[in-house]
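dropping the sequence and predicted coords here.
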Amino acid sequence: MSMEYRMRRTLPNDRAAIIMPVDHGLIFNRIKGLETPSAPFAEWAESDVTGFMMTPGQVKQTEKFFAEHPHLSRVLTIDTYYDVTNLDGGGSHELITTVEEAVRMGVDAVKMLFPWNISRAEQAAMCARVGKVVTACDAWDIPLVLEPVIMGAPRTEEVVIEEEKVARIAYDLGAHIIKIAFPGEERTARLVEELGVPLVIAGGPLSGDVSETVDAIGQTLRAGARGIIVGRNIWQRERSEGEKVLKEIGTLTRNVSFSA
């Protein structure tokens, strides 16, 4: 399969992608809404999501399910990081599987964190690690979704500016898709224009009411993002409220299209 084929499965051209992350157990262990790690697939597959962000264990456990739902894409998380609450670095980042194994498992893309509030030596090691993954992804024709992030930090103006800078480093390392926490409509539009790499926006932890979530996603799409990564703002809400969020988001994502 080609890079173009996998990119189009991950980020369709006729709408913006809605990718639901359910890989939180790698970092947060057992959290509300993911007590049964494989439950969200059947619960949300018939809704308006276009794919899921998953762990290796989830991929293995749900092979039959996704064979029966081939319209859904799968993005495999290939790394983990501890400790997400440490603002001063000192966390430990490692790969948990390989790009070759991801291809063997038949997923459409792989995803890595790109934490930056770490020491200079750790930053250099992180860039080297990402570079090797990019090289492997190019060799196997599978996209890398890279997520620049200041781990554990509140969403201050300073953090937003820093993550925007790190997104540019992600571009220079060769990321095929960049995932970033919403930096505002203007900054999103600037990143889309300047980098020329598909941008997807992370929904983050459960926060605000339905209208706030939908408004932020509307801004994201107006700014040219190719998709949204939204999980906890759906599956950690009451079911009826989560369905409402997803329905309104789905309408927004179907009102945009992208050139081939």
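Thanks, I have the structure now.

now do the buried residues in the helix or strand residue 7 falls within.
For residue 7, the enclosing helix or strand under DSSP states H and E is helix 3-10. Neighbour-count burial for helix 3-10, with 16 or more other Cβ atoms under 10 Å as criterion, is recorded at 6-7, 9-10. To be clear about C-beta, it is placed using only N, CA and C from the backbone, and glycine gets the same treatment.

and the very next helix or strand once past that helix, what does it pack onto?
Using DSSP H and E, the helix or strand that follows helix 3-10 towards the C-terminus is strand 17-21. Applying 3 or more Cβ pairs under 8 Å, 6 or more residues apart in numbering; DSSP states H and E, one finds that strand 17-21 contacts strand 51-54, strand 73-77, strand 227-229, helix 239-253.

list the neighbouring strands of strand 17-21 plus their orientation.
strand 51-54 (parallel), strand 227-229 (parallel) (DSSP bridges).

using TSV, lay out these together with distance to residue 16 and mean pLDDT.
TSV is the format used below for those (distance: least, Cβ to Cβ, whole Å; pLDDT from 0 to 100):
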stretch	distance to residue 16	mean pLDDT
strand 51-54	12	96
strand 227-229	5	94
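
any chance of the ones you listed in a markdown table, with mean neighbour count and distance to residue 165 too?
What follows is the strands paired with strand 17-21, written out as a markdown table (neighbours: other Cβ atoms under 10 Å; distance: least, Cβ to Cβ, whole Å):
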| stretch | mean neighbour count | distance to residue 165 |
| --- | --- | --- |
| strand 51-54 | 25 | 24 |
| strand 227-229 | 25 | 21 |
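
turn these into CSV, including distance to residue 166.
Listed next are those as CSV, based on distance: least, Cβ to Cβ, whole Å:
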stretch, distance to residue 166
strand 51-54, 20
strand 227-229, 17
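
related to what we said a few turns ago, just give me the closest of the buried residues of helix 3-10 to residue 176.
residue 7 (7.0 Å; Cβ to Cβ).

ok, that closest one - contacts?
109, 143, 176-177, 198 (Cβ atoms under 8 Å, 6 or more residues apart in numbering).

ok so, going back, need the buried residues of helix 3-10 in JSON lines (columns: pLDDT).
As requested, these are exported to JSON lines (pLDDT from 0 to 100):
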{"residue": "6", "pLDDT": "97"}
{"residue": "7", "pLDDT": "97"}
{"residue": "9", "pLDDT": "96"}
{"residue": "10", "pLDDT": "97"}
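
among those, which one sits closest to residue 152?
residue 10 (27.6 Å).

still on that earlier bit, out of the helices and strands packed on strand 17-21, nearest to residue 181?
strand 227-229 (9.7 Å).

following that closest one, which helix or strand shows up next?
helix 232-235.

what lies in contact with the lowest-mean-pLDDT helix or strand in the chain?
Ranked by mean pLDDT, DSSP states H and E, the weakest helix or strand in the chain is helix 25-28, scoring a mean of 81. Helix 25-28 has contacts (Cβ under 8 Å, 6+ apart) with 31, 34, 37, 55, 77, 80-82, 84, 96.

buried residues, that helix. List them.
25-26.
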